[in-house]
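Participant: With the input below, show me the fold.
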Amino acid sequence: MRLSIHTVGRMKSGPARELLDLYSDRCAKAGRQLGIRDFSVREYPESRAVSVAERKSSEAQAMLTGRGDAQLVAFDENGEDVSSSDFAAILRGALDSGMPELAFAIGGPDGHGQDLLEGAGRTLRLGRLTWPHQLVRVMAAEQIYRAITILSGHPYHRE
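Facilitator: Numbering: from 1, shown residues only. Got it, this is the predicted structure:
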């Protein structure tokens with residue numbers, strides 16, 4: 001199985017990029033023992049459409065096309081609240097079902113287009129606070145790493 005984060009916009013170098021790279025590397029290494037062959041982050045350009053609706057639609061179509069055979073989980077402010085253990089259970093279900101790829105979608109500053117939200121198998125949120133989409137990448141990668149450690153019995157996560 002492959003895991004990926006699909007996100008709108010380019011992340012610049014700096015502390016957030018360093019953290020994303022750190023957790024991406026950890027996910028790739030720790031995931032091997034669970035049968036996770038690859039972990040990647042795929043960036044899509046922000047749409048230059050004039051209206052918010054057009055931008056969201058254009059970005060959603062790019063992500064839907066670029067996901068290939070991956071099942072989508074969208075991060076969205078209106079999504080479901082889950083614990084880290086619940087998140088690990090989502091990953092376990094994907095692994096157990098033989099899913100080829102699970103992709104976590106992060107929208108741009110305007111959020112996701114309706115097509116993407118409807119095409120996602122699940123919609124989750126990282127709490128009720130509003131987060132910059134650059135930090136959401138880091139938080140998503142950390143939660144994926146945390147889920148991997150939960151599933152492998154590593155003491156990183158404490159309840």
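
Participant: From the contact counts, what lies against the longest strand seen in the chain?
Facilitator: Counting residues, the longest strand in the chain under DSSP state E turns out to be strand 71-81. If you count contacts as 3 or more Cβ pairs under 8 Å, 6 or more residues apart in numbering; DSSP states H and E, strand 71-81 packs onto strand 101-106, helix 114-119, strand 122-125. Heads up, the C-betas are built off the backbone N, CA and C, glycines and all.

Participant: May I see the buried residues of stretch 142-158?
Facilitator: 142-151, 157 (16 or more other Cβ atoms under 10 Å).

Participant: wait, I meant stretch 25-33
Facilitator: For stretch 25-33, a neighbour-count test (16+ other Cβ under 10 Å) marks 26-28, 30-31 as buried.

Participant: do the same with stretch 103-116
Facilitator: Neighbour counts using 16+ other Cβ under 10 Å place 103-108, 110-113, 116 of stretch 103-116 among the buried residues.

Participant: Which single one of these is nearest to Ser83?
Facilitator: Phe104 (16.5 Å; Cβ to Cβ).

Participant: What's opposite that closest one in the beta bridge?
Facilitator: In this structure, Phe104 bridges to Ile5, Val73 when assessed by DSSP bridges.

Participant: That one and Glu159, how far apart?
Facilitator: 22 Å (Cβ to Cβ, to the nearest Å).

Participant: what do you get for Pro45?
Facilitator: Distance, Pro45 to Glu159, by Cβ to Cβ: 40 Å.

Participant: more crowded one of the two?
Facilitator: For Pro45 versus Glu159, neighbours defined as other Cβ atoms under 10 Å are more numerous around Pro45 (12 against 6).

Participant: dump the residue contacts of that one.
Facilitator: 8-10, 62 (Cβ atoms under 8 Å, 6 or more residues apart in numbering).
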